[in-house]
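Colleague: prediction below, plus the sequence it came from.
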Amino acid sequence: MLSRQTSQRIAFIVISLSALIVVAPILFIVGYIVVQGVGAISWEFLTGFPYNGMKSGGVWPAIVGTLWLTLGTAVVAVPVGVGAAIYLSEYAGDNQLTRAIRIAIINLAGIPSVVYGLFGLGLFVIFLNFGTSILAGSLTLGIMTLPVIISTAEEALRAVPQSFRLVSVSLGGTRWETIRRVVLPQALPGIITGIILGLERAAGETAPILFTVAAFFLPRLPHSIFDQTMALPYHLFVISTQVPGMPVRIQYGTALVLMFFVLSMNVLATLIRRHYRRQRVW
Amino acid sequence: MKRQPVSLSEFLIERAIQVFGISAIVLVALIFFFLIREGVPAFFEVPLSSLFGARWYPIEDYFGLWPLILGSLIITLGAAILSLPLGLATAIFIAEIAPTWVRDILKPFVEVLAGIPSVVIGFIGMLVFAPALRVALNLPTGLTAFSGILLLAWMALPTIVSVAEDVLDSVPTTYRDAGLALGMTRWQVIWRIVLPAGRSGVLTALMLGVGRAIGETMTVMMVTGNAPRLPLTPADLFMPARTMTATIAAEMGEVAQGSPHYHVLFAVGLTLFVITFVVNMAAAMVVFRQVKRGERMLS
């Protein structure tokens, strides 16, 4: 039988090693893509169209497409998501309906992204006849993002102390006035953090846009929300699996641009959260 | 707080908020409905003997689902088995062992992992990881079920770590203090008090991790080689495999709308939806039961 101190030491070493196994590959992947991809980055790469069967040129249309889709996702998911969070935190009673809503949110969060793609194809592309378009893709990504936004926004709203609401109501504020002038402003940093994290996920997704919006190659930028578009994640998938003889440098460059785009949103969300947590008076 | 709204605009806003509130229910129902609408015809157009056959070869009308279901199953289970202990250990490290400054560095790192797009991990898996694995294990190809398992296990970690961390945090400090006061070491406190107290939460973490792994698409599609073969022996782990998600993603772009193949792919999606629904419901039940028990303890 080992002594208690020895067994503690062994356990702690094993656990620390596990944590290292988790963290080290993250550093490796991020570092490796930066090292391999940074050589490809140039003004022409960022602002040029692909040409020569995509074996030369840049990723500009994919960047623009991903920006469109991220914006579209925000337009769809933010009002509905924040609205639902306000409902759950400020209006919902402790009843069957609320429980059903919570179960629905948990399930939405668990549906595989490719199934969202199927749903978008069935409802938006075919049934509503939007075609493969930015509109159909944004709606699909927006619905996929909802659970993230609802749960983080609700958490932020609930964190506002009850006494703030009571003061507002005692001064004669209605429920909505209290929410709009007291609760929402206090919860805003948390809500924004949640929105950014949700959009980050949407921006990096490939499976939901495969059949709803993504174009293999387009020689021009999209003109309206009824156009197809290229997008960074799908572009990376295409040039790494569908185009034989693709220069590795361009593949890594594209991966770097996508990772930079997504991780900078992640960093932004973390900074906002830290900044306001420090300022918070309660 | 029950005052009635004073103006029309306020009335409208509150109605809109209520509508948004139930949107989640409506959306789950809509998704279910459209998967049924497009997927159920498959069971009438394709003979059941074909659907439950062992061969997936749509060009010649073989729509056997077994290779896909078993492919998803072994990859998901393999990933979960590897991921749970690692994730739990990492959560214990973050919540109980690491000094504050290490924790402040580690937590954002795990979040970064959650943020890396799966297509990027698939890309690195294809170009770096799979070839390395091929050489290390002396395989004919590195694009195998095993590669998928390893990468998925790693990708499911953020989910497992963050849920497990919440669980560990929710174990009352008084429990720990009581253990330490009795002269237990920190490890004994973790192993004999904290973990047993958070048992049901750890189960939730596992289920959410499974849910995450079974739905993963791009990485799996890029690193498992996508051969729809029946995985029956342990050696099949080191051969190419094909999951349900990858099949949908790879083939939906090329099928004719309304064809049997199209309907079968929706049926595969419907199957995935039902599986994740059940897994997540089970996880939710555990959480709700836990809340109830907590309320009982307080009252």
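Modeller: In hand now; what should we look at?

Colleague: would you list the phi and psi of residue B:231?
Modeller: Backbone dihedrals for residue B:231, given as degrees, to the nearest 10, come out at phi -90, psi 110.

Colleague: and it, how far is that from chain A?
Modeller: According to CB to the nearest CB, to the nearest Å, residue B:231 stands 20 Å off from chain A. Heads up, the C-betas are built off the backbone N, CA and C, glycines and all.

Colleague: these two touch, right, that residue and residue B:145?
Modeller: Yes - taking contacts as CB atoms under 8 Å, residue B:231 lies within contact range of residue B:145: 6.4 Å.

Colleague: show me the common contact partners of the two, please.
Modeller: B:71, B:74, B:237, B:239, B:241 (CB atoms under 8 Å, 6 or more residues apart in numbering or on different chains).

Colleague: could you dump the residues you listed to a markdown table with pLDDT, distance to residue A:212 and neighbour count?
Modeller: Formatted as a markdown table, the entries for the shared contacts of residue B:231 and residue B:145 read as follows, by pLDDT from 0 to 100; distance: CB to CB, whole Å; neighbours: other CB atoms under 10 Å in any protein chain shown:
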| residue | pLDDT | distance to residue A:212 | neighbour count |
| --- | --- | --- | --- |
| B:71 | 92 | 25 | 30 |
| B:74 | 92 | 30 | 21 |
| B:237 | 83 | 34 | 17 |
| B:239 | 88 | 33 | 19 |
| B:241 | 90 | 27 | 31 |
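
Colleague: specify the local secondary structure of the residue most central in space within chain A.
Modeller: Taking CA atoms, centre = their mean, the centroid of chain A lies closest to residue A:201, which sits 2.3 Å from it. Residue A:201 falls in the helix class when you classify it by DSSP: H, G, I helix; E, B strand; the rest coil.

Colleague: how about the residue of the stretch 51-200 of chain B at minimum distance from chain A, phi and psi?
Modeller: Distance from chain A to each residue of the stretch 51-200 of chain B (CB to the nearest CB) is smallest for residue B:117, at 3.0 Å. With angles defined as degrees, to the nearest 10, residue B:117 shows backbone torsions of phi -60, psi 140.

Colleague: gap between the nearest residue to it once chain neighbours are set aside and residue B:191?
Modeller: Of all residues not flanking residue B:117 in the chain, residue A:204 sits nearest, at 3.0 Å (CB to CB, 6 or more residues apart in numbering or on different chains). Note on residue A:204: its distance to residue B:191, by CB to CB, to the nearest Å, is 38 Å.

Colleague: please apply the same query to residue B:11.
Modeller: Spatial separation of residue B:11 from residue B:191 under the definition CB to CB is 57 Å.

Colleague: between the two, which has more neighbouring residues?
Modeller: For the pair residue B:11 and residue B:191, the greater number of neighbours falls to residue B:191 (16 against 13), based on other CB atoms under 10 Å in any protein chain shown.

Colleague: tell me how many other residues surround residue 266.
Modeller: Using chain A. Residue A:266 sits with 19 neighbouring residues when counted by other CB under 10 Å.

Colleague: not quite, go with chain B.
Modeller: The tally of other residues near residue B:266 (other CB under 10 Å) stands at 25.

Colleague: run a quick check on it versus residue A:119, I expect a contact.
Modeller: No - shown here, residue B:266 and residue A:119 do not form a contact pair, counting by CB under 8 Å, at 9.6 Å.

Colleague: any common contacting residues for these two?
Modeller: Between them, residue B:266 and residue A:119 share these contacting residues under CB under 8 Å, 6+ apart: residue B:35.

Colleague: need the pLDDT of the nearest residue to residue B:214 once chain neighbours are set aside.
Modeller: Nearest-residue entry for residue B:214: residue B:76, 4.4 Å, with adjacent residues in sequence omitted and distances by CB to CB, 6+ apart. Reported pLDDT at residue B:76 in the predicted model: 92.

Colleague: and the helix or strand where residue B:76 lies, which residues are buried?
Modeller: Element membership for residue B:76, per DSSP states H and E: helix B:66-92. When neighbours are counted by 16 or more other CB atoms under 10 Å in any protein chain shown, the buried residues of helix B:66-92 are found to be B:66-72, B:74-76, B:78-80, B:82-84, B:86-92.

Colleague: again with stretch B:25-41
Modeller: For stretch B:25-41, burial by neighbour count (16+ other CB under 10 Å) applies to B:25, B:27-28, B:31-32, B:34-35, B:38-39, B:41.

Colleague: identify all contacting residues around the helix or strand of chain A with the lowest mean pLDDT.
Modeller: Considering only helices and strands, the least confidently modelled element of chain A by mean pLDDT, DSSP states H and E is strand A:56-57, at a mean of 84. Taking contacts as CB under 8 Å, 6+ apart, the residues outside strand A:56-57 that touch it are A:44-45, A:48-51, A:250.

Colleague: for residue B:160, list the residues it contacts.
Modeller: Residue B:160 sits next to B:83-84, B:87-88, B:91, B:205-206, B:208-209 when contact means CB under 8 Å, 6+ apart.

Colleague: so residue A:158 sits against residue A:90, correct?
Modeller: No - with contact defined as CB under 8 Å, residue A:158 does not reach residue A:90; the gap is 9.3 Å.

Colleague: which of the two has more neighbours?
Modeller: Summary of the neighbour comparison: residue A:158 and residue A:90, criterion other CB under 10 Å, with residue A:90 having more neighbours (22 against 16).

Colleague: does that one count as helix, strand or coil?
Modeller: Under three-state DSSP, residue A:90 falls in the helix class.

Colleague: what are the phi and psi angles of the spatially closest residue to it that is not a sequence neighbour?
Modeller: If you skip the residues right next to it in sequence, residue A:90 has residue A:179 as its closest partner in space, 5.6 Å away by CB to CB, 6+ apart. Phi and psi for residue A:179, reported as degrees, to the nearest 10, are phi -60, psi -50.

Colleague: ok so, going back, so how far is residue A:271 from the residue of the stretch 51-200 of chain B closest to chain A?
Modeller: Residue B:117 is 21 Å from residue A:271, by CB to CB.

Colleague: these two: who's more crowded?
Modeller: For residue B:117 versus residue A:271, the count of surrounding residues by other CB under 10 Å is larger for residue B:117: 26 against 11.

Colleague: doesn't residue A:262 make contact with the more buried one?
Modeller: Yes - under the contact definition of CB under 8 Å, residue B:117 touches residue A:262, with a separation of 5.8 Å.
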